[in-house]
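Enquirer: Turn this into a model:
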Amino acid sequence: MEPVISGGLATSRLHGGAGCWSLSAAMACANQLGRFLLAALVVFAIAPNSFSLVIAYELEDLPDQAGLDLWSYRYFLSGESLEADYGFSTRFALHDTLSVTPVATSAGVDWDIIALQPDPLLAEDGLFDARARVDGATFDEPFVVQFAWAGAAPPGTQIFEVYDSAFEIFASGQTVPIPEPETCGLLGVGLAWLASRTSRTLWQVDVSLRSPSMRPRLPRTNP
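Expert: Numbering: from 1, shown residues only. Prediction:
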């Protein structure tokens with residue numbers, strides 16, 4: 001559940017008509033723009049009752065301990081808020097997960113957070129579960145969970161379920177990855193370049209139309 005972007009020291013400057021931008025500031029801006037636009041493309045609608053929730057995640061490979069392959073998810077939620085005693089769970093596949101451990105964050109102020117371990121005897125997946133303590137529990141802070149992984153491939157998207165105060169599941173979906181900062185930065189730079197090219201083309205067209213030699217000539221008609 002989470003991401004942070006920071007800029008570095010400026011090593012050169014880009015000069016424009018009205019002022020100048022440091023190269024690092026421009027790249028940081030493009031990076032943030034790319035992340036925002038890619039996240040905006042991830043829209044996950046949950047039918048059947050038009051309730052919608054997006055759970056985006058960042059995945060981190062942690063240092064192994066005691067021979068365990070440790071990872072963490074940081075979940076970022078957006079969409080419709082939940083009422084008190086409503087909640088959501090993310091599933092950790094039984095045969096790929098050895099243990100699940102929630103990490104205390106400030107998100108716990110509005111949520112009761114627990115983890116249920118995978119149970120081979122009952123053939124039950126592990127769960128990360130967060131239940132709202134109040135109406136409109138905040139999505140401002142990420143949820144963090146660590147887990148020991150036993151899968152052949154690295155972990156990825158997960159199934160999640162949303163339940164009501166009677167623990168009845170009324171919506172479900174899949175988590176979506178937050179793009180890497182490098183990918184977002186490249187997209188942001190590309191979009192900025194495209195915007196500048198479009199603006200330049202429109203300016204050239206405008207100048208051309210202002211030039212008498214480039215204006216369309218209408219056929220003359222004799223009086």
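Enquirer: Skip ahead from the host helix or strand of residue 73 and say which helix or strand is next.
Expert: Here residue 73 sits within strand 69-79, counting by DSSP states H and E. Sequence-wise, the next helix or strand downstream of strand 69-79 (DSSP H and E) is strand 87-92.
Enquirer: what helices or strands is the helix or strand that comes right after that next one leaning on?
Expert: Later in the chain than strand 87-92, the nearest helix or strand by DSSP H and E is strand 97-103. Counting contacts by 3 or more Cβ pairs under 8 Å, 6 or more residues apart in numbering; DSSP states H and E, strand 97-103 packs against strand 111-116, strand 126-132, strand 143-149. To be clear about C-beta, it is placed using only N, CA and C from the backbone, and glycine gets the same treatment.
Enquirer: Provide the strand pairings for the first one, with the direction of each partner.
Expert: Each strand paired with strand 111-116, and its direction, by DSSP bridges: strand 126-132 (antiparallel).
Enquirer: go on, the last one?
Expert: Its sheet considered, strand 143-149 pairs with strand 69-79 (antiparallel), strand 97-103 (antiparallel) by DSSP bridges.
Enquirer: wait, which of the ones you listed is closest to residue 51?
Expert: strand 69-79 (8.2 Å; Cβ to Cβ).
Enquirer: so for the closest one, what's the average pLDDT?
Expert: Mean per-residue pLDDT for strand 69-79: 97.
Enquirer: contact partners of it?
Expert: The contact list for strand 69-79 (Cβ atoms under 8 Å, 6 or more residues apart in numbering) reads 1-3, 52-64, 88, 90, 103, 128, 139, 142-150, 154-155, 158, 175, 178.
Enquirer: now the angle between strand 87-92 and that strand, please.
Expert: 150 degrees (axes from the mean of the first three to the mean of the last three Cα atoms, to 10 degrees).
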